[in-house]
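1. task: produce atomic coordinates for the following.
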Amino acid sequence: MAKRKNARVTVILECKGCIRNGVNKVSTGISRYITQKNGHNTPNQLELRKFCPYCYKHTIHGEIKK
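-> A predicted model of the protein is given here:
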């Protein structure tokens, strides 16, 4: 059986705990990680606990759109 190609998808994970000091103090993360996930096995958005150098602690980083 032939393997499917392009099952791996590159995603960007962004910190959900950071607050940027910008317009209206919108809650947008500034700590980002780039990783890959299997699109067939994990169709939902990915959330991982990663270290945020701006918060100085481990926080939840969620998948964002490119």
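2. for the chain, which segments count as strands?
-> 8-15, 32-38, 47-52, 57-64 (DSSP state E).
3. who touches the nearest residue to L48 once chain neighbours are set aside in this structure?
-> What sits nearest to L48 in space, not counting adjacent residues and going by Cβ to Cβ, 6 or more residues apart in numbering, is H61, at 5.6 Å. Just so you know, the C-beta spots here come from the backbone N, C-alpha and C atoms, and that holds for glycine as well. Residues counted as contacts of H61 (Cβ atoms under 8 Å, 6 or more residues apart in numbering) are 13-16, 29, 31-33, 47-50, 52.
4. show me which of those are buried.
-> Neighbour counting over the contacts of H61 (16 or more other Cβ atoms under 10 Å) leaves 13-16, 29, 31, 50, 52 as the buried ones.
5. for the residues you listed, which one is nearest P43?
-> L13 (16.6 Å; Cβ to Cβ).
6. ok, the closest one to E63 distance?
-> Separation of L13 from E63 (Cβ to Cβ, to the nearest Å): 6 Å.
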